[in-house]
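Asks: curious how this folds, go ahead:
(one chain, ligands or ions: 1)
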Amino acid sequence: MVKLAIAGGEPVRSKPFPKWPIFDEREAKALISALNSGLWGIGGSRKREFEEKFARYQHAKYGVAVTSGTAALEISLRALGIGCGDEVIVPSYTFMATAMAVLYVNAIPIFADIDPETYNIDPKSVESLISDRTKAILPVHIGGRPADMDALLSIAEKNNLHIIEDACQAWGAEWKGRRVGAIGDMGAFSFQSSKNITSGEGGIIVTNNEELYIKAWSLHNCGRLPEKAWYEHYLPGANYRMTEFQAAVLLAQMERLDEQTEKRMENARYLNSKLSKIDGVRPLKEDDRVTRHAYHLYIFRVDLEAFGGVSKAALAKALQAEGIPASVGYSKPLYKELFLEYFKKCPLSCPHYGKHIDYSSIKMPVTEKACYQEGLWFPQYVLLGSKEDMDDIVAAFEKIRDNLEDLIKVSKSH
Ligand SMILES: Cc1ncc(COP(=O)(O)O)c(C=O)c1O
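Replies: Numbers count the residues shown, from 1 in each chain. Prediction:
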């Protein structure tokens, strides 16, 4: 009798999915060459080359390579003059850095709900949250899927707001043929180790606005200005500069990015078609306006009733036991994260703000459903597997659906 692996049966697969990061001689040569140049930071040419190449890749005029995606967000907010007493609207379903960057510049994150079909920020929710303090919208292209930039740009224009794109999961992603990052005023990308191109850590800011570029450049380089003297400082900058080693690795990683993105998209399309036929599994909606999806995450929805009413975590564990690296993803809305306690004094009760924010009273129903019941993920490297690997994912779901008694029994015993 077939038994679920979680109940002691044979797993659907024991073979690993492709290992991440992927690298070869190109990264090794690039690193040795950076080492031998003797210019490991300031004065080297690789950071500049990467900034130009990546900005062009994202259809942007300018790039500033920094230490992380979080730093890229923080610098973008600062360059736009956002600070004390200002509100920035962010999605509730995202990594904590999206809201932390807002708090770091002493501004107030205002949490919007997400669209149930895309898990991206819901423009209707954004509109309902605009106040006389709102200065910017900070949409996240979640999992590499562009947010509804048409709706967001129109809201921003109508209300005189800035848009900072959190594109930390969205290298090469396109909204109606235009790459994300500089569709709004500024955009931030991450190159942390799980990301689709990585240098271990790192980030970049992109923009089409020369003035914002110069401000961001100055803020990431101790307040200096490009053509001025080394010890002249014009803005309250700090050192957020990317090293030559990181830039060298990223230039090599970029060579594989298009091919890997195509592969992820092809496998995601295949999974969408197969998983949508399984009772209780609903992929996110496909949308013609998303002309390129970066698929940092393959996010899909489950109906737990169809899986015997077990928890999302129990279903993820059952998939993991079958050899499928499923993740529960964000397990609570960002407004519920305890770190917000630390900011109770300033900026949240800052006299310049003058308002009282009570995050404990927020309830965004779509985000709560996504976190607690519905949203599961596969990490990007899963989508670099073969068609047979994708079939194993489908087989694992079918096996679990056919053996719900095992799943219910094991989940009750835990
Ligand atoms: C949506 C989002 N925003 C911001 C970040 C922050 O990037 P970093 O880890 O490079 O600071 C991440 C990274 O995980 C992210 O996923």
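Asks: mind listing the strands for this structure?
Replies: 62-66, 87-91, 108-112, 134-137, 162-166, 174-175, 178-179, 186-190, 203-207, 281-283, 290-292, 297-302, 375-379 (DSSP state E).
Asks: let me have these in CSV, extended by distance to residue 386 and mean neighbour count.
Replies: For the C-beta atoms, the positions are set from N, CA and C on the backbone; glycine is no exception. Listed next are the strands of the chain as CSV, based on distance: least, C-beta to C-beta, whole Å; neighbours: other C-beta atoms under 10 Å:
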stretch, distance to residue 386, mean neighbour count
strand 62-66, 34, 28
strand 87-91, 33, 27
strand 108-112, 39, 24
strand 134-137, 40, 23
strand 162-166, 32, 26
strand 174-175, 26, 22
strand 178-179, 28, 20
strand 186-190, 28, 30
strand 203-207, 32, 30
strand 281-283, 20, 18
strand 290-292, 22, 19
strand 297-302, 15, 22
strand 375-379, 15, 22
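Asks: nearest to residue 235, of those?
Replies: Set against residue 235 and scored by C-beta to C-beta, the strands of the chain come closest in strand 62-66, at 12.9 Å.
Asks: tell me the angle the closest one makes with strand 186-190.
Replies: Angle, strand 62-66 to strand 186-190, by axes from the mean of the first three to the mean of the last three C-alpha atoms, to 10 degrees: 40 degrees.
Asks: name the surrounding residues that touch strand 62-66.
Replies: The contact list for strand 62-66, computed with C-beta atoms under 8 Å, 6 or more residues apart in numbering, reads 47, 50-52, 54-55, 72, 75, 202-210, 213, 216-217, 220, 240-242, 246-247.
Asks: mind pulling up the pLDDT for the most centrally placed residue in the chain?
Replies: In the chain, the C-alpha nearest the mean C-alpha coordinate belongs to residue 169, at 3.3 Å (C-alpha atoms, centre = their mean). Note for residue 169: predicted pLDDT of 98.
Asks: leaving out sequence neighbours, find the closest residue to it.
Replies: In space, and not counting its chain neighbours, residue 169 is closest to residue 296: 3.8 Å by C-beta to C-beta, 6 or more residues apart in numbering.
Asks: hang on, isn't that neighbour packed against residue 166?
Replies: No. Using C-beta atoms under 8 Å as the test, residue 296 is too far from residue 166 to be in contact (11.9 Å).
Asks: neighbours of residue 92, how many?
Replies: When neighbours are defined as other C-beta atoms under 10 Å, residue 92 has 28 of them.
Asks: now it: how far from the ligand?
Replies: Distance of residue 92 to the ligand, computed by C-beta to the nearest ligand atom, to the nearest Å: 12 Å.
Asks: do residue 233 as well
Replies: 25 Å.
Asks: what's the pLDDT at that residue?
Replies: 95.
Asks: how about the contacts made by the nearest residue to residue 395 once chain neighbours are set aside?
Replies: Nearest residue to residue 395, sequence neighbours excluded (C-beta to C-beta, 6+ apart): residue 12, at 5.1 Å. Contact analysis of residue 12 by C-beta under 8 Å, 6+ apart lists 5, 322-324, 392, 395-396, 399.
Asks: okay, now the residue nearest to residue 405 when sequence neighbours are not counted: neighbour count?
Replies: Of all residues not flanking residue 405 in the chain, residue 308 sits nearest, at 7.9 Å (C-beta to C-beta, 6+ apart). When counting by other C-beta under 10 Å, one arrives at 20 neighbours for residue 308.
Asks: ok, residue 308 touching residue 409?
Replies: No. Counting by C-beta under 8 Å, residue 308 stays clear of residue 409, with 9.4 Å between them.
Asks: where along the stretch 251-400 of the chain do the helices fall?
Replies: Using DSSP state H, counting those that start in this stretch, the helices of the stretch 251-400 of the chain run over residues 312-321, 365-369, 387-402.
Asks: packing partners for the longest one?
Replies: So that's helix 387-402. helix 244-275, helix 312-321 (3 or more C-beta pairs under 8 Å, 6 or more residues apart in numbering; DSSP states H and E).
Asks: mind saving the C-alpha coords of it as CSV?
Replies: C-alpha atoms of helix 387-402 as CSV (Å, rounded to 0.1, in the frame of the first residue of the first chain):
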residue,chain,number,x,y,z
LYS,A,387,10.4,18.6,-16.8
GLU,A,388,10.6,15.3,-14.9
ASP,A,389,11.4,17.3,-11.8
MET,A,390,8.2,19.3,-12.3
ASP,A,391,6.3,16.0,-12.8
ASP,A,392,7.6,14.8,-9.4
ILE,A,393,6.0,17.9,-7.8
VAL,A,394,2.7,17.1,-9.5
ALA,A,395,3.0,13.4,-8.5
ALA,A,396,3.7,14.4,-4.8
PHE,A,397,0.5,16.5,-4.8
GLU,A,398,-1.5,13.6,-6.4
LYS,A,399,0.0,11.2,-3.9
ILE,A,400,-1.0,13.4,-0.9
ARG,A,401,-4.5,13.9,-2.3
ASP,A,402,-4.9,10.1,-2.7
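Asks: what's next to it, contact-wise?
Replies: By C-beta under 8 Å, 6+ apart, helix 387-402 touches 2, 4, 12-13, 15, 17, 267, 270-271, 274-275, 278-281, 306-307, 315, 318-319, 322-324, 378, 382, 407.
Asks: would a markdown table of the helices and strands packed on helix 387-402 with mean pLDDT be doable?
Replies: Output for these, formatted as a markdown table (pLDDT from 0 to 100):
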| stretch | mean pLDDT |
| --- | --- |
| helix 244-275 | 98 |
| helix 312-321 | 98 |
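Asks: around the ligand, pick out the residues from the stretch 1-150 of the chain.
Replies: 68-70, 94-95, 97-98, 140 (C-beta under 6 Å from any ligand atom).
Asks: now these in CSV, with distance to residue 181?
Replies: Supplementary listing: those in CSV, determined by distance: C-beta to C-beta, whole Å:
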residue, distance to residue 181
68, 16
69, 12
70, 16
94, 16
95, 17
97, 16
98, 15
140, 12
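Asks: between the residues you listed, which is nearest the ligand?
Replies: Within those, the smallest distance to the ligand is 2.5 Å, found for residue 69 (C-beta to the nearest ligand atom).
Asks: beta-bridge partners for the residue lying closest to that closest one once chain neighbours are set aside, please?
Replies: Excluding the flanking residues, the one nearest residue 69 by C-beta to C-beta, 6+ apart is residue 190, at 2.8 Å. Bridge pairing for residue 190 (DSSP bridges) gives the partners residue 203.
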